[in-house]
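>>> Predicted model follows, preceded by the sequence.
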Amino acid sequence: MADDKKKLRAILRDCRDALSVERAAAMSLCIQREVIASAEYRGAGAVVLYASKGNEVATDAIFADAIASGRAVFYPRIKTDPRDRSVRTIVAGRVRDRSDLQPDALGIIAPPESAERLDRQKFSSIVICVPGVAFGLEGQRLGRGGGYYDRFLGQFGAEAIGVGLAYSFQLLDRIPETEFDRRLNIIVTESAVHRAGETPLPAREARTKEVHPGGSTHLNPGNHNWWRGLIFLGDNEPAQGRR
């Protein structure tokens, strides 16, 4: 399983890094506009964003809209357990201005330790925007590898809506999963909005089966034929890209 995920991360990161800055910015803006237009975002009192790295889907436009519309905005910060420094978790700190975000001890852009923390009891609906290397139509997500977001999402119940932000080539038919992985409610790409489920449940199986389209709002079909035969998972089965 670990090798499967490592292979996918390497290939998808190379593809993402190959995007020009202009192309990544244009697709990011389309994705963010879809998030802002969604009923889930419009009904949320708080939104958790992330500071994008490299060619990850940006969140600046969502931040600007959230602040202008009076929503509380939070960004993740990695907290190290003082009793065991190998144990790290995400805490969400409130950000009112982009200048509040600064590199932390790990070099990650994050709110300061003094920032107000997200209190889930204060909000009836929270949208949590999540980065990733690859996603599946049923809400599966392949992250950066630390498992931070899986643990973070596990702290919330029905008040939180997990939203994956992805370029269409990051949306695959099969994603390797473990019982610790958390699924997202919605995956948003520049070409479609895929509503996967009501809650970010743990993976139901160690490895997903073929994923079939669920409730989706398609703007135009993604064309992923070039994926076929390119990525191979554990049983020598090609990871099928969404057509």
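All right, it came through fine.

>>> Give me the residues contacting the helix or strand that contains F135.
Using DSSP states H and E, F135 sits in strand 134-136. Contact with strand 134-136 is made by 8-9, 12, 141-142, 164, 166, 170-175, 184, 187, 208, 211, as judged by C-beta atoms under 8 Å, 6 or more residues apart in numbering. Every C-beta, even on glycine, is put in place using the N, C-alpha and C of the backbone.

>>> Run through this structure and note the low-pLDDT ranges.
Applying pLDDT under 70 to the chain picks out residues 1-3, 85-87, 198-243.

>>> That one: helices as residue ranges?
With DSSP state H as the criterion, the chain has helices at 2-17, 21-37, 39-42, 60-68, 148-153.

>>> Mean neighbour count, those helices: which tops it?
Ranked by mean neighbour count, those are led by helix 148-153 with a mean of 20 (mean count of other C-beta atoms under 10 Å).

>>> list the helices and strands that one packs on?
Under the contact criterion of 3 or more C-beta pairs under 8 Å, 6 or more residues apart in numbering; DSSP states H and E, helix 148-153 touches strand 72-81, strand 84-94, strand 126-130.

>>> Indicate which one of the ones you listed is closest to V47.
The minimum distance between V47 and these falls on strand 126-130, with 4.7 Å, by C-beta to C-beta.

>>> Just give me the neighbour total for the closest residue to E40 other than its chain neighbours.
Using C-beta to C-beta, 6 or more residues apart in numbering and skipping the chain neighbours, the partner closest in space to E40 is I161 (4.9 Å). By other C-beta atoms under 10 Å, the residues close to I161 number 23.

>>> what pairs with I161 across the strands?
I161 forms beta bridges with V127, as assigned by DSSP bridges.

>>> That one contacts I128, correct?
Yes - the pair I161 and I128 passes the contact test of C-beta atoms under 8 Å, sitting 6.8 Å apart.

>>> For stretch 36-53, measure first residue to last.
21 Å (C-alpha to C-alpha, to the nearest Å).

>>> Repeat that for stretch 166-185.
14 Å.

>>> picking up where we left off before, what sits in contact with each of I161 and I128?
Joint contacts of I161 and I128 (C-beta under 8 Å, 6+ apart) do not exist.

>>> List the residues that contact V47.
V47 is in contact with 41, 62, 66, 71-74, 126-129, counting by C-beta under 8 Å, 6+ apart.

>>> can those go into a markdown table with extra columns for distance to D97?
Converted to a markdown table, the contacts of V47 look like this (distance: C-beta to C-beta, whole Å):
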| residue | distance to D97 |
| --- | --- |
| Y41 | 20 |
| I62 | 15 |
| A66 | 12 |
| R71 | 14 |
| A72 | 13 |
| V73 | 10 |
| F74 | 13 |
| I126 | 20 |
| V127 | 20 |
| I128 | 21 |
| C129 | 18 |
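
>>> and which of the residues you listed is nearest to P103?
Of all the contacts of V47, F74 has the smallest distance to P103: 17.8 Å, by C-beta to C-beta.

>>> Centre-most residue in the chain?
For the chain, V130 is the residue whose C-alpha lies nearest the centre (C-alpha atoms, centre = their mean; 2.5 Å).

>>> Quick check: it touching Y149?
Yes - V130 lies in contact with Y149 (C-beta under 8 Å); the separation is 5.4 Å.

>>> what residues are shared contacts of those two?
141, 143.

>>> wait, what's in contact with the residue located most distally from the centre of the chain?
Farthest-out residue of the chain from its mean C-alpha position, per C-alpha atoms, centre = their mean: R83, at 29.3 Å. For R83, the contact set (C-beta under 8 Å, 6+ apart) is empty.

>>> what's the answer for I128, then?
Counting by C-beta under 8 Å, 6+ apart, the residues that I128 touches are 47-48, 152-153, 156, 160-163.
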